[in-house]
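Student: next comes the sequence, and after it the predicted model I'd like to discuss.
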Amino acid sequence: MNARADRAAAGESVPRLAPGCDPTSLPLTPAEAYLLTRVDGSTPFSQLIQIGGLPPEEAEQCLQSWLEAGVLVVGDAPCAPPPGADTSAPDPPPGPEAVPEAEAEPDRESAPPGESGPPEPPLEIDPALEIAAEDQQRIIDFGSRLERSYYDVLGVAPGADAKAIKRAYFKLSREFHPDRYFRREIGPYEARLHRIFKKIVEAYELLSDPATRAELDRSLAEDPQAAPSRKRHARGPRPFGVMAKMLRERKKKAKRFYEAGKAAFKAERWLEASASVRLAIAFDPQNEAYKEGFSEVVVKANAIRSAQILTEAEAALDMRRPDEALALYEEALHLRPHDPEVNHTAARLALVVGTDLRKAKEYAATACEVEPDKASHHRLLGQIYKAANLTANARREIETALRLDPKDKEAKAELKRLKRW
Amino acid sequence: MAHVIGIDLGTTNSCVAVLEGGQPTVIPNAGGYKTTPSMFAISQDGKRLVGHLAKRQAITNSANTVYASKRLIGRRFDSTEVQRSIDLCTYEIVRGPNDDPRIVIAGKTFTCPEIAGIILREMKRVAEEYLGERVSDAVITVPAHFNDTQRQCTKDAGKIAGLEVLRIINEPTAAALSYGLGRKGEEKVAIYDLGGGTFDISIVEMGEGVVEVLATDGNTFLGGEDFDRRLVTHLIEHFQQSEGIDLREDTMALQRLKDAAEKAKCDLSSAQSTEVNLPFVANDASGPHHLNLPITRDVLEGLVDDMARQTIKIVEGCVNAANVSPEDISRVVMVGGQSRMPLIHQAIAEFFGKAAHKGVNPDEAVAIGACIQGQMLMEEDKDMLLLDVTPMSLGIATFGGHFAQLIERNTTVPVRKSHVFTTTRDNQTAVKIRVLQGESEVAADNDLLGEFVLNGIRTAPKGEPEVDVSFDIDANGIVSVSARDRHTGKEQSITVNATSTLSPDEIERIIEENDLYEVEMKE
């Protein structure tokens, strides 16, 4: 893997769309376009790679090429609103069903710590605090250097041995650990100390693990510009220093979920099995074995879930709530898109509810497509056309229905009414 | 500066220490003992007794004498450990209104933090009499793998005792501080802590005046009392064979057996053989029966060998978690009464390839370390710093009943970690964030610390909304969790450290009630 630039220098740099650049003019695949829409002027590179939907290496390449082509820029100019972003945020009141039994689903790797914290206000030396002025100055100075390379944060040379790194870590800990000012009135310095200390720990953790340190060193060797400080230039720093470790961890997680899925499969807990496998695939999309081995479990899980949904839908029908029933049938259609019965009922309900006849037509047409010889599907489609005032189409369908089943009374009556028009 | 005391609140014994002019002193109680039994009783005439007094009358008043209540604190009534205690204990344990175990003696119901508070108050009193001044600030120790609720309950106990708890720290960590006091060199040390009720192991590194915990592990169900129980069972079986009498149903005999077993076990740490002698332990139609049985060290070791090996297995895991090898460890510091056993020393020597360190007192090191930490926190010029770690992993429950770890155990605190989550259903506008603590990948097997709902997520297909979930642990171990929808900017957060089995009102009530007994306890 071609990992570059260390995370301190670059992982937190934030790209935005270059002013005047029209993304619609670019030759993008849908997946690339999706990644580009994630660029919103506030998400840093490291997170874009995680959330872009592409395999990390590809996402990295894309972002890099856009930087080079001038599609993206990095800098502090005020950023344009993200392309295609919906700022109005419709917010329907969450009903009781809004809180799911099962909770959130993890889909992306951790963001580097500390990034999502609120912006820090500038600190000033305040003699009223229980902290010496020179200590305040030291905290201000150190706090302003947190974006530098990890070696700079710890104040060691890039070639420093493990012992020197540990010593530096201990020395800085004694100076900046929040316990140093335990129960003293230090105002805003409290938050700043926590931030500084977390950064020190992060630097130490990455530099004391030979694997991550080698990764960082490689990126420094390739791009010495990234080493001394975070320079803001048009091409932007490269954020991808710790990719290898993150990938390894993702794969580990994927494997864990896959194993859990296997166990659930054995125990015939299909829903759980499919959820686990889906997570495994989310964490390790390249692994074909995950995708193949479990088509069966997905089918089984979908069957169970759609059966559950349909039972709910029938209950809603019994309660004479066609709109609720329709919503549930539509959910079931996600799982069984080609089931003629489900399509038929959904179409009938959509016709009754009457708010979206186009959907009703689609469902009925699907039913006809799957079972072209069933009169009732064509009759229903005809009725929908009629409701939409498309009489010619309506007649055609009703006549088809009658051809398939000449005894269909309802169709006969319908045809009579149509002829009267 | 006012003194800060360090209290080792043990399962069987407690100990209090203070730093005087940089030198640690373990404070003896009125009887001259440096440790005080963690026992509380109400006597036949209604008097409250704590410590040695409670222990001395335990045999004749076992139903009204509380011991080993640390095994119950902060647990749920239905937990295995509480249920096991119900079978073993001579006092009554009932289900409290918050599903917590409560103890009934002499017709009065006590919560576990209350019992712990009574013992802490006694330790505070011991310190005050010795120092001749009021004491309020204290650092209290708990086993390394105590969860959040157990720690919070211990904090509440401190409050009930009238103490200002500066911090709760881990027992092995405290022992490391005690070992590290005054040492300047760089080294890695293992702390093997086998107490009355629990086993802990920590690997720490020190240098530059910093003590850093690299990894910690343990087992709350393993301690000296389990060793005693093996010996008691052995005695009962022997007696049944030779005399045909089962002593299991005889509370008084059991209590005597327990004391005798403990004493024999201690004897065998120095001698090769000893004798258990219990005259008139039972009576039947044929007259009185006496128990008289010589026990050799080999017999005892055969009875408990598997438990010793079990601790070494945990040690091995902890050494691996710390990413060191046994040869890197320069000293193995032994803490807790049960660590005196020669069998344990042998096992340690085998594993580490070096003899266990005997430089610290196993009964006192933890309390000394606690007072060192207290002093370190309060002092202006600090010459030592403790870098502690989270004892258990933290995370949230996810789809399918899984547990997503956000902060792995053994992570240095303070720390902040975040992670992006998404929805599992189309147009899902709310997610429930359930904050869990534990090591199981199955959400239901971990402890629930708290939960909240983030709603107002924008309507979108499943998998599209992005919710940042951040965990923060500050230097005091207080955990806060926040969730933020990246798109709408909506945010919800909770501070989850407050999960105790007692409400603040209950604590206030208990404090008031116990103040009434203050005079009585000073007798």
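Tutor: On my side now, so go ahead.

Student: show me the contacts for residue 273.
Tutor: Because you didn't say which chain, this covers chain A. A:261, A:262, A:264, A:265, A:294, A:297, A:301 (C-beta atoms under 8 Å, 6 or more residues apart in numbering or on different chains). In short, each C-beta sits where N, CA and C put it, glycine included.

Student: meant chain B, my bad for not saying
Tutor: Contact analysis of residue B:273 by C-beta under 8 Å, 6+ apart lists B:294, B:295, B:296, B:297.

Student: could you pull out the helices for the stretch 251-400 of chain A?
Tutor: For the stretch 251-400 of chain A, the helices defined by DSSP state H, counting those that start in this stretch occupy A:270-283, A:288-292, A:295-318, A:322-335, A:340-353, A:357-370, A:375-387, A:391-404.

Student: just send those helices back as TSV, with mean pLDDT too.
Tutor: Formatted as TSV, the helices of the stretch 251-400 of chain A follow (pLDDT from 0 to 100):
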stretch	mean pLDDT
helix A:270-283	76
helix A:288-292	76
helix A:295-318	80
helix A:322-335	86
helix A:340-353	90
helix A:357-370	90
helix A:375-387	91
helix A:391-404	89
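
Student: pull out the buried members of the contacts of residue B:273.
Tutor: Restricting the contacts of residue B:273 to buried positions leaves B:295, B:297, with burial counted as 16 or more other C-beta atoms under 10 Å in any protein chain shown.

Student: partners of the longest strand along chain B, with directions?
Tutor: For chain B, the strand that runs over the most residues, judged by DSSP state E, is strand B:273-284. Neighbouring strands of strand B:273-284 in its sheet, by DSSP bridges, are strand B:287-296 (antiparallel).

Student: what about the strand it pairs with, average pLDDT?
Tutor: The pLDDT scores in strand B:287-296 average 92.

Student: now swap in stretch A:213-233 and tell me
Tutor: On average, the pLDDT along stretch A:213-233 is 61.

Student: now stretch B:352-371
Tutor: Stretch B:352-371 shows a mean pLDDT of 94.

Student: again with stretch A:174-191
Tutor: 90.

Student: mind listing what's buried in that stretch?
Tutor: For stretch A:174-191, using 16+ other C-beta under 10 Å, the buried residues are A:174-182, A:186, A:189-191.

Student: just send those residues back as JSON lines, with secondary structure and distance to residue A:340 too.
Tutor: Compiled in JSON lines, these are given as follows (DSSP: H, G, I helix; E, B strand; the rest coil; distance: C-beta to C-beta, whole Å):
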{"residue": "A:174", "secondary structure": "helix", "distance to residue A:340": "73"}
{"residue": "A:175", "secondary structure": "helix", "distance to residue A:340": "73"}
{"residue": "A:176", "secondary structure": "helix", "distance to residue A:340": "68"}
{"residue": "A:177", "secondary structure": "coil", "distance to residue A:340": "68"}
{"residue": "A:178", "secondary structure": "helix", "distance to residue A:340": "66"}
{"residue": "A:179", "secondary structure": "helix", "distance to residue A:340": "69"}
{"residue": "A:180", "secondary structure": "helix", "distance to residue A:340": "72"}
{"residue": "A:181", "secondary structure": "helix", "distance to residue A:340": "72"}
{"residue": "A:182", "secondary structure": "coil", "distance to residue A:340": "71"}
{"residue": "A:186", "secondary structure": "coil", "distance to residue A:340": "71"}
{"residue": "A:189", "secondary structure": "helix", "distance to residue A:340": "69"}
{"residue": "A:190", "secondary structure": "helix", "distance to residue A:340": "66"}
{"residue": "A:191", "secondary structure": "helix", "distance to residue A:340": "62"}
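
Student: give me every residue that touches residue 312.
Tutor: No chain specified, so I'll use chain A. The contact partners of residue A:312, taken as C-beta under 8 Å, 6+ apart, are residue A:328.

Student: wrong one, chain B
Tutor: Contacts of residue B:312 (C-beta under 8 Å, 6+ apart): B:347, B:348, B:351.

Student: all set now, cheers.
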